[in-house]
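Enquirer: Here's my sequence, what's the structure:
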Amino acid sequence: MQAKQTGLFNLPGANRTQIPPILAIPGLPPPMPVNTFGMGTGVNPNLSRQSRRLYIGSITPDINEQNLTDFFNSKMKEMNLGTGAPGNPVLAVQCNYEKNYAFVEFRSAEDATAAMAFDGIIFLNGPLKIRRPKDYGGPDVMANMHVPGVVSTNVPDSANKIFVGGLPTYLNEEQVMELLSSFGELKAFNLVRENGNGPSKGFAFFEYVDPSVTDVAIPGLSGMELGDKYLVVQRASVGAKPGQSPIPGMYELAPEIPKPILPVGERDLEATQDRILLMLNMVVPEELSDDQEYADLCEDVKEECEKYGLVEDLRIPRPVKKDKAKWGEGRESAIAAQRADEAAGVGRVYVKFFEPRAATDALKALAGRSFAGRSIIATLLTEDANTTPPLNLIFAPQPEAPPPLPQD
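Expert: This next block holds a predicted model:
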C-alpha cells in the first residue's frame with residue numbers, strides 16, 4: 001500500500017526497470033518538472049514530480065482520466081484556487097482500476113497543494129479521498145484550509161476531534177454524516193473501514209466547522225440508540241493507535257436509560273415548510289432485491305406514513321444488478337459495487353408529503369421507532385436540499401405502473 005502511494009512504482013504488467021511515465025491526457029503537453037519548494041530538477045526530479053502529484057483513493061469504475069481531469073480543472077477555476085495562471089492546472093491523470101486508485105499530476109506544486117482542499121468533495125459516486133504521495137517531503141501549506149460544502153476525509157488531531165463508536169456496520173459514510181450534521185456543518189469526517197475500503201469497523205472520527213458545536217454534539221449523541229447498539233461519543237484520544245478504538249471495551253458500554261433518536265437543531269419544527277421525510281437505518285440492501293418483498297415494503301411504509309397525512313410520493317432506492325463485464329467478480333469489485341449502491345441512495349427511504357405539517361408529525365412519530373429490529377433515524381429535507389444523490393433524481397418521474405413481477 002505504501003509503495004503504490006508513492007507513485008514511483010509501475011502498474012501491474014509494466015516494465016519494472018523504469019519509472020513509468022504518467023498517462024497524458026490527449027491534447028495536453030507532457031508533464032514537465034517544475035522548480036518549486038526548493039525541489040527543482042537540479043536536486044531530484046522525482047521529488048519535484050512528487051510535490052506536483054496527489055493520490056486519489058477508492059475510485060469507482062465510473063471515474064476515468066478525462067472526467068477526473070475536467071473535474072479538478074473546473075473546480076479549481078470555480079473556487080479560484082491555486083496559482084491562477086492561464087490554462088488548466090492539471091497536466092495528467094493515471095488510473096489503476098485493479099487497485100481502485102489514481103494519481104493526478106498538476107503543473108505546479110502550489111496547484112497540487114491547493115487541490116488538497118478538495119479532499120472529501122463529492123464526485124460521481126462518492127467523496128474523493130485525496131492524499132499526498134507517501135514520500136512527499138514538502139510543506140502542507142494549506143492542509144487545514146476548509147472549502148465551504150466540502151467535508152474532508154482527513155481528521156487531524158486537535159482539541160475538537162471527536163470519536164464516535166458503536167455505529168452499526170451497515171451504515172455508510174453519508175448516512176452517518178447526515179446524523180452528525182444535524183448538530184452543525186462538518187469540517188472533516190472519516191468512517192474507519194477494514195483495509196481502508198472494506199467493511200465498516202463501527203467507529204469514526206469527525207470535526208465540526210464551528211468548534212463551539214463540539215460540546216453540544218457530544219452529550220447530544222452519547223448514548224443514542226442505533227439498532228442494537230448505543231453510540232459512544234467523546235473527544236478523540238490524541239496519540240491513539242491508528243485503526244483502534246481509543247475507548248477500551250466501548251461496545252460493552254450502554255446507558256441504563258436508552259436515549260430516543262430525535263431530530264436535533266435549533267429550527268422550529270412547527271414553522272418549517274419542509275415536506276420531505278428522510279429515514280435511515282430502516283431498510284438494508286438485502287431486503288430490497290426480491291420484487292414481491294420490495295412491493296410489500298413500499299406498501300407498509302406508505303400505509304404507516306399516511307397515518308400523518310397524504311403522501312405525494314414514496315421512493316426507496318434499490319440495488320441494481322451488476323454487469324460482470326464491468327464490475328468483475330473479485331472482492332475489490334464487490335466493494336466498488338457496494339459503494340455505487342450507497343451513492344445511489346440504497347438504504348434510505350424518502351417520503352414526500354403534500355403538507356409540511358404531515359411531514360413534521362411523521363418525523364415526531366417515527367424518529368426512534370423500531371422497524372425490523374432497527375431504530376429509525378429521521379430528518380426533514382427541503383426540496384432544494386443539496387444531497388447525494390440529488391433529490392430531483394430520487395423523485396424523477398416513473399412509469400405509471402411498475403414492471404410485471406417474474407412468473408414462476
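Enquirer: Following the chain onward from the helix or strand harbouring residue 48, which element is next?
Expert: Assigned by DSSP states H and E, residue 48 belongs to helix 45-51. Remark: after helix 45-51, the chain's next helix or strand is strand 53-57, criterion DSSP H and E.
Enquirer: Which strands or helices does that next one pack on?
Expert: Strand 53-57 sits against strand 101-106, helix 109-115, strand 129-131, with contacts defined as 3 or more CB pairs under 8 Å, 6 or more residues apart in numbering; DSSP states H and E. (C-beta placed from N, C-alpha, C; glycine too.)
Enquirer: what is the orientation angle of that strand with strand 101-106?
Expert: Orientation check (axes from the mean of the first three to the mean of the last three CA atoms, to 10 degrees): strand 53-57 against strand 101-106 gives 150 degrees.
Enquirer: want to throw the helices and strands packed on strand 53-57 into a markdown table with mean neighbour count?
Expert: As requested, the helices and strands packed on strand 53-57 are exported to a markdown table (neighbours: other CB atoms under 10 Å):
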| stretch | mean neighbour count |
| --- | --- |
| strand 101-106 | 23 |
| helix 109-115 | 24 |
| strand 129-131 | 19 |
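Enquirer: Tabulate the ones you listed in CSV, adding columns for distance to residue 80 and mean pLDDT.
Expert: Converted to CSV, the helices and strands packed on strand 53-57 look like this (distance: least, CB to CB, whole Å; pLDDT from 0 to 100):
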stretch, distance to residue 80, mean pLDDT
strand 101-106, 16, 91
helix 109-115, 10, 87
strand 129-131, 18, 86
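Enquirer: Export these as TSV, with columns for distance to residue 82.
Expert: Formatted as TSV, these follow (distance: least, CB to CB, whole Å):
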stretch	distance to residue 82
strand 101-106	8
helix 109-115	4
strand 129-131	14
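Enquirer: Which among those is found nearest to residue 57?
Expert: Closest to residue 57 of those, according to CB to CB: strand 129-131, at 4.0 Å.
Enquirer: looking just at contacts, which helices and strands does that closest one meet?
Expert: strand 53-57.
Enquirer: what are the C-alpha coordinates of the strand it packs on, in CSV please?
Expert: Provided in CSV are the C-alpha atoms of strand 53-57 (Å, rounded to 0.1, in the frame of the first residue of the first chain):
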residue,chain,number,x,y,z
ARG,A,53,1.2,14.8,-7.6
LEU,A,54,-1.8,13.8,-5.5
TYR,A,55,-3.0,10.3,-4.7
ILE,A,56,-6.8,9.7,-5.1
GLY,A,57,-8.0,6.6,-3.3
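Enquirer: State the mean pLDDT of stretch 201-212.
Expert: Stretch 201-212 shows a mean pLDDT of 90.
Enquirer: right, so of the helices and strands packed on strand 53-57, which gets closest to residue 58?
Expert: That would be, of those and by CB to CB, strand 129-131, which comes in at 5.3 Å.
Enquirer: part of a strand, is residue 190?
Expert: Yes: under DSSP: H, G, I helix; E, B strand; the rest coil, residue 190 falls within a strand.
Enquirer: Go through the helices and strands packed on strand 53-57 and name the closest to residue 365.
Expert: Evaluated with CB to CB, these place strand 129-131 nearest to residue 365, the distance being 38.2 Å.
Enquirer: Contact partners for residue 386?
Expert: residue 149 (CB atoms under 8 Å, 6 or more residues apart in numbering).
Enquirer: give me phi/psi at it?
Expert: phi -90, psi 90 (degrees, to the nearest 10).
Enquirer: all helices of the stretch 101-250 of the chain, in order?
Expert: Assigned by DSSP state H, counting those that start in this stretch, the stretch 101-250 of the chain shows helices spanning 109-115, 173-180, 214-221.
Enquirer: To residue 236, which of those lies closest?
Expert: So among the helices of the stretch 101-250 of the chain, helix 214-221 is nearest, using CB to CB, at 10.8 Å.
Enquirer: how about that closest one as PDB, C-alpha atoms only?
Expert: Coordinates of each C-alpha in helix 214-221 appear next as PDB, following Å, rounded to 0.1, in the frame of the first residue of the first chain:
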ATOM      1  CA  THR A 214     -18.300  20.100  19.900                       C
ATOM      2  CA  ASP A 215     -19.500  20.500  23.500                       C
ATOM      3  CA  VAL A 216     -23.100  20.500  22.300                       C
ATOM      4  CA  ALA A 217     -22.900  17.500  20.000                       C
ATOM      5  CA  ILE A 218     -21.000  15.100  22.300                       C
ATOM      6  CA  PRO A 219     -23.700  15.000  25.000                       C
ATOM      7  CA  GLY A 220     -26.500  15.100  22.400                       C
ATOM      8  CA  LEU A 221     -25.100  12.000  20.600                       C
END
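Enquirer: ok, residues contacting that helix?
Expert: If you take CB under 8 Å, 6+ apart as the criterion, helix 214-221 is touched by 160, 162, 164, 179-180, 183-184, 207-208, 231, 233-235, 264.
Enquirer: can you pick the most crowded of these?
Expert: residue 164 (26 neighbours; other CB atoms under 10 Å).
Enquirer: does that one really touch residue 203, like I thought?
Expert: Yes: if you go by CB atoms under 8 Å, residue 164 and residue 203 touch, sitting 6.4 Å apart.
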